[in-house]
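>>> what would the 3D arrangement of this be:
(4 chains)
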Protein chains: 2
Amino acid sequence: MAKALREPKTTAAQATARLRHAGLRPTRQRVELAGLLFQNGDRHVTAESLHDEVTTAGVKVSLATVYNTLHQFTEAGLLRQVIVDAARGYFDTNTGDHQHFFLEKEGLLIDIPGESIAVAGVPTPPAGLSVDRVDVVVRVRRN
Amino acid sequence: MAKALREPKTTAAQATARLRHAGLRPTRQRVELAGLLFQNGDRHVTAESLHDEVTTAGVKVSLATVYNTLHQFTEAGLLRQVIVDAARGYFDTNTGDHQHFFLEKEGLLIDIPGESIAVAGVPTPPAGLSVDRVDVVVRVRRN
DNA sequence: CAACGAATTAGAACGATTCTAAAGTGTGAG
DNA sequence: CTCACACTTTAGAATCGTTCTAATTCGTTG
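Reported below is the predicted structural model:
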């Protein structure tokens, strides 16, 4: 009963610093979301899942803001969008070189470190095109 | 002016045969769509693009039927769904082992033959999971 | 060619995402 | 420290692709 605050001050401070670095105003909502996203290791979220999480944590943030924030974080290089499912957009806090296992049934993403996987034999793209990125999705199922 | 029919009889006949083989009733709409999809080499379509195409060809098929048909063809193994874009579902008439270049800006998919590309070092999936398929998307941009 | 199950359809419904316009909030100047 | 203003947030409407619904139409088999 001594301490009602949910997050240690350090997390908020770190989140604020990170936002400033990225050129984003550290608003209450952004700090809150950044805290959830970045305080523990790599995470994969959807707008909906993050909104649920922040709401459950007792913080009022609109779904529209969650969408805005995810996109702003992505533009700022703090997040990476992962396209694996036609129905849902995923965001990954791991912005480094890596790939994914995807368990479609449950909407579960699991990182595969970039070093462990290698794609060989990618042909030269047709004239006028250049490679932006190579995404590998290993679709898995429960057995 | 002698010949107003758009498709040679052979195409319709081939399409009909293909549908019968797949255990699908050769209805007017399905024959029409199968004709468009399979008479020339490999193709990538969205429901919308195929609907536009069939409509432009002067045939009346509802969008719902295009969706139904694409899914039925996919279940029957005549098509393969390709997930590259969060906003749109693509269907590929090439059901063999291969990968894709994807030009996001224009929604353009280009096949990469399965033999030319190789993915090495895919880790064993976490316990209880087994690999279903490995998808590689080479995202490209105009330069 | 009748009859029955399968397929098609228009339009409503849906879920995810984006937009809109109005209200609220960081921040830098003074 | 306060104010003003640009930037943010928000609720709710709108939009997009897709799926569903219930009624109609069509292929097939007897």
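>>> how about the helices in chain A?
A:9-21, A:28-38, A:47-56, A:63-75 (DSSP state H).
>>> for chain B, which of these is the nearest?
Closest approach to chain B among these (Cβ to the nearest Cβ): helix A:47-56, 11.4 Å. For glycine as for every other residue, the C-beta is placed from the backbone atoms N, C-alpha and C.
>>> that closest one vs helix A:28-38, what angle?
Relative orientation of helix A:47-56 and helix A:28-38, computed by axes from the mean of the first three to the mean of the last three Cα atoms, to 10 degrees: 110 degrees.
>>> now check helix A:47-56, is it near DNA strand D?
No - on the criterion Cβ under 7 Å from any atom of the strand, helix A:47-56 is out of touch with DNA strand D, staying 9.3 Å away.
>>> now do that helix: which elements does it pack against?
Applying 3 or more Cβ pairs under 8 Å, 6 or more residues apart in numbering or on different chains; DSSP states H and E, we find helix A:47-56 packed against helix A:28-38, helix A:63-75.
>>> 10 Å instead?
Contacts defined by 3 or more Cβ pairs under 10 Å, 6 or more residues apart in numbering or on different chains; DSSP states H and E place helix A:47-56 against helix A:28-38, strand A:44-45, helix A:63-75, strand A:90-92.
>>> adding mean neighbour count, mean pLDDT and distance to chain B, write the ones you listed out as TSV.
Shown next, in TSV, are these (neighbours: other Cβ atoms under 10 Å in any protein chain shown; pLDDT from 0 to 100; distance: least, Cβ to the nearest Cβ, whole Å):
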stretch	mean neighbour count	mean pLDDT	distance to chain B
helix A:28-38	21	97	19
strand A:44-45	21	98	14
helix A:63-75	17	98	12
strand A:90-92	22	98	9
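>>> want to throw those into JSON lines with distance to B:Ser116?
Converted to JSON lines, the helices and strands packed on helix A:47-56 look like this (distance: least, Cβ to Cβ, whole Å):
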{"stretch": "helix A:28-38", "distance to B:Ser116": "38"}
{"stretch": "strand A:44-45", "distance to B:Ser116": "31"}
{"stretch": "helix A:63-75", "distance to B:Ser116": "32"}
{"stretch": "strand A:90-92", "distance to B:Ser116": "28"}
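>>> for the lowest-mean-pLDDT helix or strand in chain A, list every residue counted as buried.
Least confident helix or strand, chain A: helix A:9-21 with a mean of 88, by mean pLDDT, DSSP states H and E. If you call a residue buried by 16 or more other Cβ atoms under 10 Å in any protein chain shown, then helix A:9-21 has these buried ones: A:11-12, A:14-16, A:18-19.
>>> if anything else comes up later, I'll come back, but that's it for now.
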